[in-house]
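**Q** sharing a model prediction with you, sequence too.
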There are 2 protein chains.
Amino acid sequence: MSASTKLSASVKALCYLAETYPVPQNSRIISEKIGVNASKLRQLLSLLNNGRIVKSEKGAAGGFRLTKSPKKIDLQEIYCAIEDRKAFDLHTNDSEKNLWRSAEINNFFLGLFAEIQVDIEKKMKKIKLSDLLQKVEIQSNYK
Amino acid sequence: MSASTKLSASVKALCYLAETYPVPQNSRIISEKIGVNASKLRQLLSLLNNGRIVKSEKGAAGGFRLTKSPKKIDLQEIYCAIEDRKAFDLHTNDSEKNLWRSAEINNFFLGLFAEIQVDIEKKMKKIKLSDLLQKVEIQSNYK
DNA sequence: TTAATTGTTACACTTACCATAACAAATAAA
DNA sequence: TTTATTTGTTATGGTAAGTGTAACAATTAA
């Protein structure tokens, strides 16, 4: 799953949890609603659980719930929870170590891509889940 | 080849052409210098030729040369030449058309990613090939 | 004790990717 | 005109990554 696909799947699930709060929703139900495979969804929701964005409960009548208001959840923390961003490896091949300026130029791009990553995360930090809910006209039950 | 790998390979080739200007360099020579397969390199250089960043000459003693000063070449135009950026398709599955808010949320992300793309290109527009040459201490023969 | 649910691993299957090869078209030089 | 060389483009074999699904242990409420 690409980073963007994971992010949008996660956000869809979170939107649904906002609408249905505080009733726990299990992975099968969410899967049917948002059209993402239940198993894959559990993988994502498990990461969101580790990131303290949702709380999971096992057993009968278990499932997932939001841990905090959509106003306090931003896209960057969702992204961080689901993606271990390894700062662009750039396919830096060992065989090109002794080549003409390759190392220096690679370093240049490593720095550039890291900068871009920071810019993107800054932008996502500003976008709250509540903004998104409003934009797509979903009534959240977690105010 | 990923976009970032293509970009860095292209830039390495262009740096080498700046250093060796105005003598045409063929794909085999450049390949040996920068450690990128000659065939793949021709694919990239062919795109840069279409983008009027290099000029190619076939036949004996042919090869590639810069068409303009590194001061007038920026990373964004290199990127545009080698990448037909199709504005993030986001794996939007047909089966999720009638699903709960999927279309709206997808559109939100489509817009967000398009914005990010614009930001990145703005940033790359500001970086000239000459800046990079200076940073990695390559003497350009095309002033 | 039971039934349901998460969390994690595994597994085919497909797709994408990468390095390389191959060869036609073009062209400068002999 | 002929020859050698180089680009431009397509094809290919092998490898890695991604995708959707299944399976099942661990957990937990009823």
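**A** Nice, I can see it.
**Q** specify the local secondary structure of residue A:100.
**A** coil (DSSP: H, G, I helix; E, B strand; the rest coil).
**Q** next one: residue A:65
**A** Per three-state DSSP, residue A:65 ends up strand.
**Q** I figured it hits residue A:48, correct?
**A** No. Applying CB atoms under 8 Å, one finds residue A:65 not in contact with residue A:48, separated by 11.0 Å. C-beta: built from backbone N, CA, C; applies to glycine.
**Q** show me which of these two is the more surrounded one.
**A** residue A:48 (25 against 17; other CB atoms under 10 Å in any protein chain shown).
**Q** check the more buried one and give its pLDDT.
**A** Confidence at residue A:48, expressed as pLDDT, is 96.
**Q** state the distance from residue A:110 to residue A:117.
**A** When distance is defined by CB to CB, to the nearest Å, residue A:110 is 11 Å away from residue A:117.
**Q** repeat that for residue A:134.
**A** Relative to residue A:117, and taking CB to CB, residue A:134 is found at 27 Å.
**Q** re earlier: overlap in contacts, residue A:65 and residue A:48.
**A** By CB atoms under 8 Å, 6 or more residues apart in numbering or on different chains, residue A:65 and residue A:48 have these common neighbours: residue A:54.
**Q** residue numbers of chain A in contact with chain B?
**A** A:2, A:4-5, A:7-8, A:11-12, A:15-16, A:33-35, A:88, A:90-91, A:93, A:95-96, A:99-102, A:104-106, A:108-109, A:112-113, A:115-116, A:119-120, A:123, A:127, A:132, A:135-138 (CB under 8 Å from any CB of the partner chain).
**Q** which of those fall within helices?
**A** Those of the residues of chain A next to chain B mapping onto helices are A:4-5, A:7-8, A:11-12, A:15-16, A:33-34, A:102, A:104-106, A:108-109, A:112-113, A:115-116, A:119-120, A:123, A:132, A:135, per DSSP state H.
**Q** name the nearest residue to residue A:8, ignoring sequence neighbours.
**A** Leaving aside its sequence neighbours, residue A:8 sits nearest to residue B:109 (CB to CB, 6 or more residues apart in numbering or on different chains; 4.9 Å).
**Q** how about the contacts made by the one you found?
**A** A:4, A:7-8, A:11, B:90.
**Q** hmm, which two among these are most spread apart?
**A** A:11 and B:90 (11.9 Å; CB to CB).
**Q** keep the contacts of residue B:109, but drop any that are not near DNA strand C.
**A** With the criterion set as CB under 7 Å from any atom of the strand, no member of the contacts of residue B:109 is near DNA strand C.
**Q** and the most far-flung residue of chain A relative to its centre, how far from DNA strand C?
**A** Here chain A reaches farthest from its C-alpha mean at residue A:100, the gap being 39.2 Å by CA atoms, centre = their mean. Separation of residue A:100 from DNA strand C (CB to the nearest atom of the strand, to the nearest Å) stands at 17 Å.
**Q** I'd assumed residue B:31 was in contact with that residue.
**A** No. With contact defined as CB under 8 Å, residue A:100 and residue B:31 do not form a contacting pair (11.3 Å).
**Q** and the ones in helices among the residues of chain A next to chain B, which of them are buried?
**A** Listed as buried from those are A:4-5, A:7-8, A:11-12, A:15-16, A:33-34, A:102, A:105-106, A:108-109, A:112-113, A:116, A:120, A:132; burial here means 16 or more other CB atoms under 10 Å in any protein chain shown.
**Q** how far off centre is the lowest-mean-pLDDT helix or strand in chain A?
**A** One helix or strand of chain A scores below all others by mean pLDDT, DSSP states H and E: helix A:102-125, with a mean of 90. Mean-position distance between helix A:102-125 and its chain equals 20 Å (CA atoms, centre = their mean, to the nearest Å).
**Q** quick one: secondary structure of whichever residue of chain A sits closest to DNA strand D?
**A** Residue nearest to DNA strand D within chain A (CB to the nearest atom of the strand): residue A:59, separated by 2.6 Å. Assigned with three-state DSSP, residue A:59 falls in the coil class.
**Q** quick one: contacts for the nearest residue to residue A:17 once chain neighbours are set aside?
**A** Nearest non-adjacent residue to residue A:17, counting by CB to CB, 6+ apart: residue A:66, 5.1 Å away. For residue A:66, the contact set (CB under 8 Å, 6+ apart) comprises A:14, A:17-18, A:21, A:53-55, A:73, A:142.
**Q** noted, bye for now.
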